[in-house]
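Asker: Sequence and computational prediction follow.
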Amino acid sequence: MKIYDTLSQELKEFKTIEENKIKIYVCGPTVYDFPHLGHARCYITWDMVVRYFRFKGYEVTYVRNVTDVDDKIINKAKANSLSIEQIADTYYNEFKEAMAKLNIASPDIEPRATETIDEMINITKILIDKGLAYTSNGDVYFKVGSYPNYGRLSKQNLDDLRSGARVESSEIKEDPMDFTLWKAVKSQDEPGWESPWGKGRPGWHIECSAMIKKHLGETIDIHAGGQDLVFPHHENEKAQSEAAFDKPFAKYWMHNGFVIIGNEKMSKSLNNFVTINDVLEKYDSNAIRLFILTNNYRMPIEFNDESLKAAKSGVKRLLNAYTDVSNVLNQETVLKAEEFINIITDEMLKEESIPFCKMDALVSDELKEELLANIIKQIKLFINSMDEDFNTSKALAVLFEVASLAQKAKDKKLESALYLALLIKLSSVLGFELNKTSTIDNALTEKLMDFIISLRKDVRAEKNWALSDKIRDGLKDIGVTLKDTKEGTTWTIDE
RNA sequence: GGCGACAUGGCCAAGUGGUAAGGCAGGGGUCUGCAAAACCCUUAUCCCCAGUUCAAAUCUGGGUGUCGCCUCCA
């Protein structure tokens, strides 16, 4: 498979450092406010990436940090007369809840910056000992000029950066581009930790370097994050880690594009953000995911109601395929089909021959060959698309095709069961939940609905269409949709 | 000013050399008591100009427009 690497600016063949294992680090949020759609985009993207790696059989260690000490948190704490822990905990919980609502799987390790202070001090020490960092006024700075590759990741050169209008020169720093590794506390109400350079707190960039070193080691497979982190955050992380350990920091650098709103980047500082909770009021997690995955992960996405609406309708189609087809099948057939699809995909990923014999029990001879060929074709299309730097747009086309195949095969139970199973499998790789059962759903509702439907059946037998329609309209008003099909009447609870 | 990207039908969006995936919306039809869903059919020559090539949305050069980074930001 190929992955676009920001550092080399090209698609690179993906090869892990250690056979079959992937160490991936994603820069997590600074928890000082509600998460917005930009965060959703970012973490849905990396969720999809990790899900796909696991689908391919890699053993993934996914680390995503939480920045819980930072000027913004300190300022917010001061403004609200709260401790920085209170602010960080409040918004960390908001973040966690939002991630769960979006069906974003938790990372394997979610370290907090404040739990990794020792490692930050260690790295800072190493850099000072090597003469690559210096203390000044209680602060510690990294000597950018001492690291020859500085600027390679973000394609900047030091002279251009220095002459940039926004760089402040200061007497404390040797070079205006030098960045903070350790910041001395300036007043009593600031949080601080003891260090060889006095009480202080870490700079932002050293936090990630330390958490990576502690949980993943000196070299990792993939370092990912939002495009806005390329400079200075990732550039600086790379510089200090490589300078400290004399090893390449990350084999692949991946960056996701922004969410745009009204022709501008959605961001905290522009105050034009829509929170995840805002969006969830009108659209569910599947719709948000479809909206995001329709676009290439590196391209900007324009947020607007129309696109979300379109995504919602698209999800509806996948959902309809799931419920329509499920309704005509029995549980046993579905389970058998799921098992078969699992076998087939596993064999394909291992590039071993497909076990035709396993199909014997399921489908008759005349169907077998063509059906199997088509299932394999769809899986191949999906894998090939995703292998091209996560072309989710193409992969989604496969989902829609499979959904349609399942619908068309409704008369042939086993065939539609196989397509249904395939749909469930592939959509879960992208993080969709088609079988999300409604929270209102319970045994009593089930019985009541069965009862109402049986009454309506009698009414319809008498061709009392007025009453029959009244029941259907009435249920629609309270959020239950009835569908009259050949097999009988089905009901679903509206979103 | 330096650096990095983008421009495809009404909207969103794939596609990096051989005559344009998919989704949404629209139109027509099948099915249905009706509805919903589903299914079938249907809508583009790819910002402009020049060049390379037998052949370009796809490569090169030049325009025009838009965005991002260079300050905290996913």
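Answerer: That came in fine, so what should we check first? Numbering: from 1, shown residues only, chains lettered A, B, ... in the order given.
Asker: residue ranges with poor pLDDT in the stretch 351-495 of chain A?
Answerer: By pLDDT under 70, the low-scoring segments of the stretch 351-495 of chain A are A:352-367, A:437-441.
Asker: interface residues of it facing RNA strand B?
Answerer: In this structure, the stretch 351-495 of chain A approaches RNA strand B at residues A:388, A:391, A:393-394, A:396-397, A:400-401, A:403-404, A:407-408, A:460, A:465, A:468-469, A:472, A:481-485, judged by CB under 7 Å from any atom of the strand. For glycine as for every other residue, the C-beta is placed from the backbone atoms N, C-alpha and C.
Asker: check which helix or strand covers A:K213.
Answerer: When secondary structure is defined using DSSP states H and E, the element that contains A:K213 is helix A:204-215.
Asker: next one: that helix to chain centre, how far?
Answerer: Here helix A:204-215 shows a centroid-to-chain-centroid distance of 21 Å under the convention CA atoms, centre = their mean, to the nearest Å.
Asker: I'd guessed A:E207 sits against A:E115; true?
Answerer: No - because the distance of 10.5 Å does not satisfy CB atoms under 8 Å, A:E207 is recorded as not touching A:E115.
Asker: neighbour-wise, which of these two wins?
Answerer: Neighbour count, other CB atoms under 10 Å: between A:E207 and A:E115, A:E207 has more, with 29 against 13.
Asker: any idea how far A:K143 is from RNA strand B?
Answerer: Taken as CB to the nearest atom of the strand, to the nearest Å, the spacing of A:K143 relative to RNA strand B amounts to 17 Å.
Asker: Also A:N272?
Answerer: Separation of A:N272 from RNA strand B (CB to the nearest atom of the strand) stands at 9 Å.
Asker: Contacts only, for that residue.
Answerer: With contacts defined as CB atoms under 8 Å, 6 or more residues apart in numbering, the neighbours of A:N272 are A:I261, A:G262, A:E264, A:M266.
Asker: Helix or strand: which one has A:L371?
Answerer: A:L371 is part of helix A:365-387 when elements are defined by DSSP H and E.
Asker: in that helix, what counts as buried?
Answerer: A:367, A:371-372, A:374-375, A:378-379, A:381-383, A:385-387 (16 or more other CB atoms under 10 Å).
Asker: got it, and stretch A:327-341?
Answerer: Of the residues in stretch A:327-341, those buried under the neighbour-count criterion (16+ other CB under 10 Å) are A:V328, A:L329, A:T333, A:V334, A:K336, A:A337, A:E338, A:F340, A:I341.
Asker: Rounded mean pLDDT for it, please.
Answerer: For stretch A:327-341, mean pLDDT is 91.
Asker: Contacts for that stretch next, please.
Answerer: The contact list for stretch A:327-341, computed with CB under 8 Å, 6+ apart, reads A:326, A:358-359, A:361-362, A:375, A:410, A:413-414, A:416-418, A:420-422, A:424-425, A:485, A:487, A:490.
Asker: In helices, which of these appear?
Answerer: Assignment to helices by DSSP state H places the following of those there: A:326, A:358-359, A:375, A:413-414, A:416-418, A:420-422, A:424-425.
Asker: Report the two of these separated the most.
Answerer: The most widely separated members of those are A:S326 and A:K358, with 22.7 Å between them, by CB to CB.
Asker: Now for the nearest residue in space to A:R456 that is not next to it in sequence, how many residues are close by?
Answerer: Ranked by CB to CB, 6 or more residues apart in numbering and with sequence neighbours excluded, the top spatial neighbour of A:R456 is A:I471, at 5.0 Å. Taking other CB under 10 Å as the criterion, the count of residues near A:I471 is 16.
Asker: how distant is the host helix or strand of A:I471 from the center of its chain?
Answerer: A:I471 is located in helix A:465-477, with elements delineated by DSSP H and E. For helix A:465-477, the separation from the chain centroid amounts to 41 Å (computed by CA atoms, centre = their mean).
Asker: If you count contacts, what does that helix end up packed against?
Answerer: For helix A:465-477, the contact count by 3 or more CB pairs under 8 Å, 6 or more residues apart in numbering; DSSP states H and E identifies helix A:443-461, strand A:480-485 as packing neighbours.
Asker: Among these, which comes closest to A:R41?
Answerer: Using CB to CB as the criterion, the shortest distance between A:R41 and the helices and strands packed on helix A:465-477 is 30.8 Å, found for strand A:480-485.
Asker: ok so, going back, the ones in helices among the contacts of stretch A:327-341 into TSV, with extra columns for distance to A:R298?
Answerer: Output for the ones in helices among the contacts of stretch A:327-341, formatted as TSV (distance: CB to CB, whole Å):
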residue	distance to A:R298
A:S326	36
A:K358	39
A:M359	39
A:I375	31
A:K413	42
A:L414	41
A:S416	36
A:A417	37
A:L418	34
A:L420	33
A:A421	32
A:L422	28
A:I424	28
A:K425	26
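Asker: For PyMOL, write a command that selects the buried ones of those residues.
Answerer: If you want just the buried ones from those in PyMOL, going by 16+ other CB under 10 Å, the selection is:
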select buried, chain A and resi 326+359+375+413+414+416+417+418+420+421+422+424+425
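Asker: And the ones in helices among the contacts of stretch A:327-341, which is closest to A:S8?
Answerer: A:K425 (33.5 Å).
Asker: who touches that closest one in this structure?
Answerer: Residues touching A:K425, when contacts are defined by CB under 8 Å, 6+ apart, comprise A:E338, A:I341, A:N342, A:T345.
Asker: now, among the buried residues of helix A:365-387, which is nearest to A:R64?
Answerer: Compare each of those with A:R64 using CB to CB and the shortest gap goes to A:M386, at 21.1 Å.
Asker: The closest one against A:T392, yeah?
Answerer: Yes - here A:M386 reaches A:T392: they are 7.3 Å apart, a contact under CB under 8 Å.
Asker: and the stretch 151-300 of chain A, which residues reach RNA strand B?
Answerer: The stretch 151-300 of chain A comes close to RNA strand B at residues A:154-157, A:160-161, A:164, A:166-167, A:204, A:225-233, A:256-260, A:263-269, A:294-296, A:299-300, as judged by CB under 7 Å from any atom of the strand.
Asker: switch the cut-off to 6 Å
Answerer: A:155-156, A:160-161, A:164, A:166-167, A:204, A:225-233, A:256, A:258-260, A:263-269, A:294-296, A:299-300 (CB under 6 Å from any atom of the strand).
Asker: Are whichever helix or strand A:Y25 is part of and RNA strand B in contact anywhere?
Answerer: Remark: A:Y25 resides in strand A:21-26, with elements defined by DSSP H and E. No - no part of strand A:21-26 sits near RNA strand B under the criterion CB under 6 Å from any atom of the strand; the closest distance found is 7.9 Å.
Asker: What's the PyMOL line that selects buried ones from the residues of the stretch 351-495 of chain A next to RNA strand B?
Answerer: Listed next is the PyMOL selection for buried residues among those, using 16+ other CB under 10 Å:
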select buried, chain A and resi 396+401+403+407+460+468+472+482
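Asker: Would you map the helices across the stretch 51-200 of chain A?
Answerer: A:71-79, A:84-101, A:117-129, A:158-163 (DSSP state H, counting those that start in this stretch).
Asker: does any part of the longest one sit near RNA strand B?
Answerer: No - contact check for helix A:84-101 against RNA strand B, using CB under 6 Å from any atom of the strand: none in range, with a minimum separation of 9.7 Å.
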